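Asker: sequence below, structure please.
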Amino acid sequence: MRVLDYDIPDDLYYSREHEWVSAKGKTAVIGITDYAQKSLHEVVYVETPKVDNQIQQSQSIGSVESVKSVSDIFTPVSGRIIEINEELAESPELVNQDPYGKGWIAKIHLANFDEDMKKLLTAKQYANYIKSLEE
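Answerer: Numbers count the residues shown, from 1 in each chain. Just a heads-up that it's a prediction; the model follows:
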């Protein structure tokens with residue numbers, strides 16, 4: 001779906017801090033939303049978390065630096081980091097070019113997805129949240 005010039009894929013879940021999560025089985029992929037990357041403008045550096053770190057939902061696990069500002073990345077789910085997007089070290093602009101694809105940040109082995117889900121937004125809820133921020 002598109003809302004106010006922002007892409008919001010229907011098959012993902014979202015945090016109020018503008019991260020997305022795609023969960024399949026016990027593995028989740030996370031990244032920042034189209035809204036977040038457009039707000040940051042030109043991303044020049046991504047600090048990714050360390051593999052094997054245990055993380056809790058809403059914890060800061062890294063940051064995204066742009067020519068304009070630096071923003072923390074807050075994990076939308078709890079678990080253990082099992083992979084990071086190493087391409088971001090050389091090509092941080094992937095976050096701008098393809099935030100829901102090649103610009104992913106990390107993969108996480110989920111600890112308690114059912115509980116984490118209670119705090120996440122569906123695409124429709126996130127779209128309404130974005131609209132409220134833009135008013």
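Asker: so what sits opposite residue 27 in the bridge?
Answerer: Judged by DSSP bridges, the bridge partners of residue 27 are residue 24, residue 109.
Asker: show the pLDDT at it.
Answerer: Residue 27 carries a pLDDT value of 97.
Asker: residue 111 and residue 28, how far apart?
Answerer: Noted for residue 111: a distance of 10 Å to residue 28, by Cβ to Cβ, to the nearest Å. Yep, even glycine has a C-beta here, placed from its N, CA and C like the rest.
Asker: what do those two both touch?
Answerer: 77, 79 (Cβ atoms under 8 Å, 6 or more residues apart in numbering).
Asker: the two - which one has more neighbours?
Answerer: When residue 111 and residue 28 are compared for neighbours, residue 28 comes out ahead with 24 against 16, by other Cβ atoms under 10 Å.
Asker: surely the more buried one is in contact with residue 77?
Answerer: Yes. Counting by Cβ atoms under 8 Å, residue 28 does reach residue 77; the two are 5.2 Å apart.
Asker: common neighbours of these two, please.
Answerer: In contact with both residue 28 and residue 77: 21, 108, 110, 113, using Cβ under 8 Å, 6+ apart.
Asker: surely the last one touches residue 27?
Answerer: No. With contacts counted by Cβ under 8 Å, residue 113 stays clear of residue 27, the gap being 10.0 Å.
Asker: neighbour count for the two, which is higher?
Answerer: residue 113 (19 against 14).
Asker: in this structure, which spans are strands?
Answerer: Taking DSSP state E, the strands of the chain run over residues 2-3, 6-7, 13-14, 19-24, 27-32, 43-47, 54-55, 60-66, 70-74, 79-84, 106-110.
Asker: can I get these in a markdown table with distance to residue 98?
Answerer: Listed next are these as a markdown table, based on distance: least, Cβ to Cβ, whole Å:
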| stretch | distance to residue 98 |
| --- | --- |
| strand 2-3 | 16 |
| strand 6-7 | 10 |
| strand 13-14 | 17 |
| strand 19-24 | 12 |
| strand 27-32 | 9 |
| strand 43-47 | 12 |
| strand 54-55 | 24 |
| strand 60-66 | 14 |
| strand 70-74 | 17 |
| strand 79-84 | 16 |
| strand 106-110 | 16 |
